[in-house]
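J.: based on what follows, work out the 3D shape:
(chains A and B)
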Amino acid sequence: MKRNGPLLTLLAGLALAAVLITVNLTVTARGGDDPDPVGFGAAPATSAPAAAAPSASPSAEASPTAAPAAKVNAIWAGTVNGGGATIAISVTDGVAVAYLCDGKKAEVWLQGTAADGKLSLTGKNGATLVGTFGGGKATGTVTASGRKWTFTVKAVAKPSGLYRATATVRNAKVVGGWIVLPDGSQVGVVTVDDVPRPAPAIDPATGAVTVDGAALTAEPVTGALTAN
Amino acid sequence: MSEQTRRTRVSAAGLYVPLLLGAVVTVTLGVYGSVHTPTGIAVNVAGFSGPQTVKVWLATGAALLALVQLVSAFAMWGKFGSRVPSWIGPLHRWSGRFAFLLTVPVAVHCLYALGFATYDTRTLAHSLLGCFFFGAFTVKMLSLPKRGLPGWTLPLLGGAVFTALIGLWLTSSFWYFTTIGVRF
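T.: Next comes the predicted model:
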């Protein structure tokens, strides 16, 4: 018995890992029709903490019995093809918000849906995002103000992702967007009364940022955008 | 296998099979982490604000138990005097088991949701250490029951496992505590 102890320890670890992987596959796999072994249709009850902030989630908390397993929760972020801009797409219960910006002055917010492996979002002035997702990636095209970007970006986990702050500072409307990438780098643009400029860095832990001397808090984007 | 022939004399030959299997474990984890597409999400553990905080605290628990491992190992080898209390052996075994079991969910989440990452020096070091840790632990476990191994075997393997685990903790939990903050 004593001599088998170390071996049993190893086997116990292996068994634990097998159980966890099975649970993960069961929970993250979309029911049956998914060609990918690892889909994104996570059961809301277990995967929601990964995508949703504990505070003020606009969508009501989905109950595991009522919600179908196909509701999508995911965050993808990365650089667009050819560089020059960064994109993040945050999906909470199928509601998708995308943000594309160059970190200097160009930016576009889009909002729409993510379901059945398809992304369909629209933004101001006729901006659109169409694409597909699955297998830990999202691929698509953003069209805005006469320009086109294509992207293939990977799934990311917090603190990486998409952050947004809206506020009124001395009667000026301030909207900031930040994309935090897995390497810790940030890209963001803040517009003050519709004049864009590079955004100061946020603290990814708290979302704290100072714009024009005013302390703001950038929140992780979960669900539909509120003030615009 | 052929342990009986080795029992009589001291030889490092008994380490071949454990080292080979340990290498298989390390390479398998690394290849899986690289090939498998990270999902970005995984099952969460109740009671914590997110999967990362779970991992941070599991890893911290494992690191604390690793310190128990270090101290109890010193005691077993008579570094604190020749009288070794009888409970030191069981303490060493069971703290080691629990430390190992705490690392398993962390590793599953790392490999399943994040994969082998090379974004920067920290993630690269963490990825390499993570793969190495489980290989080294496998070698240690498989070497323990073998007789006739050189005297440096267990201290060396134990030291490697301990160093890897502390390195993993420094590149993950410690980084998290100092960059993101202490959260539950």
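J.: the closest residue to residue A:140 other than its chain neighbours: what's it in contact with?
T.: Nearest residue to residue A:140 in three dimensions, chain neighbours excluded: residue A:131, at 1.8 Å (CB to CB, 6 or more residues apart in numbering or on different chains). Quick note: C-beta positions are derived from backbone N, CA and C, even for glycine. Residue A:131 is in contact with A:118, A:119, A:138, A:139, A:140, A:141, A:151, counting by CB atoms under 8 Å, 6 or more residues apart in numbering or on different chains.
J.: count the neighbours of the first one for me.
T.: Using other CB atoms under 10 Å in any protein chain shown, residue A:118 has 14 neighbouring residues.
J.: just the third one next, same as before
T.: Neighbours of residue A:138 under the rule other CB under 10 Å: 30.
J.: how near is residue B:91 to residue B:72?
T.: Remark: distance between residue B:91 and residue B:72 (CB to CB, to the nearest Å) = 5 Å.
J.: which among the contacts of residue A:131 count as buried?
T.: A:119, A:138, A:140, A:151 (16 or more other CB atoms under 10 Å in any protein chain shown).
J.: restricted to strands, list those.
T.: Of the buried ones among the contacts of residue A:131, the ones assigned to strands by DSSP state E are A:119, A:138, A:140, A:151.
J.: okay, these in CSV with pLDDT next?
T.: What follows is these, written out as CSV (pLDDT from 0 to 100):
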residue, pLDDT
A:119, 90
A:138, 92
A:140, 91
A:151, 92
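J.: I'd like to know which of the residues you listed is nearest to residue B:56.
T.: When these are ranked by distance to residue B:56 (CB to CB), residue A:138 comes first, at 27.4 Å.
J.: in space, what's closest to that closest one - neighbours in sequence excluded?
T.: Per CB to CB, 6+ apart, closest to residue A:138 is residue A:76, 4.0 Å.
J.: helix/strand/coil for the one you found?
T.: The three-state label for residue A:76, taken from DSSP: H, G, I helix; E, B strand; the rest coil, comes out as strand.
J.: residue B:74 now?
T.: Going by three-state DSSP: residue B:74 is helix.
J.: need the max-distance pair from the contacts of residue A:131.
T.: Using CB to CB, the contacts of residue A:131 span at most 15.0 Å, a distance reached by A:118 and A:151.
J.: quick one: residue B:74 and residue B:53, what's the gap?
T.: Residue B:74 is 32 Å from residue B:53, by CB to CB.
J.: which of those two has more neighbours?
T.: Between residue B:74 and residue B:53, counted using other CB under 10 Å, the more crowded position is residue B:53 (21 against 13).
J.: the more buried one sits in which helix or strand?
T.: Using DSSP states H and E, residue B:53 sits in helix B:51-76.
J.: which residues are contacting the helix or strand following that helix?
T.: The helix or strand immediately downstream of helix B:51-76 is helix B:88-109, counting by DSSP H and E. Outside helix B:88-109, the residues that touch it by CB under 8 Å, 6+ apart are A:5, A:9, A:12-13, A:16-17, A:20-21, A:24, B:29, B:42, B:45, B:51, B:54-55, B:58-59, B:61-62, B:65-66, B:68-69, B:72-73, B:75-76, B:130, B:133-134, B:137, B:165, B:168.
J.: secondary structure element for residue A:165?
T.: Assigning secondary structure by DSSP H and E places residue A:165 in strand A:161-169.
J.: so which residue is dead centre in chain B?
T.: Centroid check for chain B by CA atoms, centre = their mean gives residue B:133 as the closest residue, at 4.3 Å.
J.: for that residue, which residues are in contact?
T.: B:103, B:161, B:164, B:165, B:168.
J.: what does residue A:127 give?
T.: A:108, A:110, A:142, A:143, A:144, A:145.
J.: look up how far residue A:91 lies from the residue nearest to it when sequence neighbours are not counted.
T.: Excluding the flanking residues, the one nearest residue A:127 by CB to CB, 6+ apart is residue A:144, at 3.7 Å. Distance of residue A:144 to residue A:91, given as CB to CB: 20 Å.
J.: closest residue of chain A to chain B?
T.: Using CB to the nearest CB, residue A:155 is the residue of chain A that sits closest to chain B, at 2.9 Å.
J.: ok, residue A:145 - how many residues close by?
T.: For residue A:145, the count of nearby residues is 11 (other CB under 10 Å).
J.: check contacts around it.
T.: Residue A:145 touches A:108, A:125, A:127, counting by CB under 8 Å, 6+ apart.
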